[in-house]
Structure formats: structure tokens, C-alpha cells
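>>> All I have is the shape, not the residue letters:
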């Protein structure tokens, strides 16, 4: 796979993630971005996203250890990577949007953080991507549930 193909693959993952998040807003669901969530709800979702990533990595390792032919390995690992990225993007992206909604300009702020993460993933060293991921998660956790409670 060339760098251009991998960039197209990453863009497709983000487009699919955005479509899934949009689809989840048509019906009431825990990931409906039209409603805000509490710190506690946000904190409960982080292990779910991390669990999806860890499970996918373990399954990818298992596929590699099975020593299937190269084509099957690439297809299975690619599908697991797609599942991992979509699960993490949808859970964390929707949670960021929902959590940032408690802030007066939360929708705009969440869009900026998500776009920064995408641009960092596509065009910058991975350390920047992980710094944005950490910063976005910490920022979402720091916001109070109601701004009347801020500073108390």
C-alpha cells in the first residue's frame, strides 16, 4: 500500500465514522450528539473505547500468529483495524461532541478538536495526534456539568 492509499483509507475511516455518528442522531441512542452528557457518563465510555482498541489489537495479533497466507492476513487485519478505528472514532467522537455541548461554544470547539485530530493523523507525526487525543479527552473531562457550578 502506498502512502496515498493509506491516506485514502484513513479518510474513508473518518468519513464512515462521521456517517455513523450522523446516523446515530436520527434515533435516540446513548451516542446521540444532540444531547449533552455528564462527566460520569463520559468517564464510563472511555474504557469501552479502550476495550474496543485492545480487543482489536489482540485479535490482529491472533490473526498474525495463525500464519495464514498473506492475502488472508492482510484482509483480516485490515477489517479488524477498520473495526477498531470506527469503534474508537464513533464512541470517542460522539462522546466529545456530547460532553463539549455543556460549554457555551461546545459544538464549535468539538469540531475544531476533531478536525485537529484528523489533520494530525493524516499529515503530522503520530505524537501530535496522541497529544490532541489526550488534550481533547482531558478537556472534556474538566468541563463542569453545569456552568453555574464552575468555580464552586
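That came in fine, so what should we check first? What you see is a predicted model, and the numbers here were worked out from it, not measured in a lab. Residues are numbered from 1 along each chain as shown.
>>> next structured bit after the helix or strand harbouring residue 43?
Per DSSP states H and E, residue 43 falls inside helix 39-66. Next along the chain after helix 39-66, taking DSSP H and E as the criterion, comes helix 70-100.
>>> What residues sit buried inside that next one?
Neighbour-count burial for helix 70-100 flags 76-77, 80, 84-100 (criterion: 16 or more other CB atoms under 10 Å). Where you see a C-beta, it was placed from the backbone N, CA and C, and this is true even at glycine.
>>> helices and strands around that helix, which ones?
If contacts are counted by 3 or more CB pairs under 8 Å, 6 or more residues apart in numbering; DSSP states H and E, helix 70-100 sits against helix 3-24, helix 39-66, helix 106-123, helix 126-142.
>>> With respect to residue 33, which of those helices lies nearest?
helix 3-24 (6.2 Å; CB to CB).
>>> Skip the chain neighbours and tell me the closest residue to the residue nearest the centre of the chain.
The centroid of the chain falls nearest to residue 89 when counting by CA atoms, centre = their mean (2.2 Å). Nearest non-adjacent residue to residue 89, counting by CB to CB, 6 or more residues apart in numbering: residue 17, 3.7 Å away.
>>> pretty sure the one you found is touching residue 90, no?
Yes - Residue 17 is within contact range of residue 90, at 5.4 Å (criterion: CB atoms under 8 Å).
>>> which secondary structure elements does the helix holding residue 43 contact?
The contact analysis (3+ CB pairs under 8 Å, 6+ apart) places helix 39-66 against helix 70-100, helix 126-142.
>>> can you redo those as TSV with mean pLDDT and distance to residue 116?
Compiled in TSV, those are given as follows (pLDDT from 0 to 100; distance: least, CB to CB, whole Å):
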stretch	mean pLDDT	distance to residue 116
helix 70-100	83	11
helix 126-142	84	5
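>>> so can I have TSV of the ones you listed showing distance to residue 45?
Output for the helices and strands packed on helix 39-66, formatted as TSV (distance: least, CB to CB, whole Å):
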stretch	distance to residue 45
helix 70-100	5
helix 126-142	10
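>>> List the buried residues of the helix holding residue 43.
In helix 39-66, counting by 16+ other CB under 10 Å, buried: 42, 45, 49, 52, 53, 56, 59, 60, 63.
>>> Contacts only, for the first one.
By CB atoms under 8 Å, 6 or more residues apart in numbering, the contact list for residue 42 reads 95, 98, 99, 140, 141.
>>> Farthest pair within those?
98 and 141 (12.7 Å).
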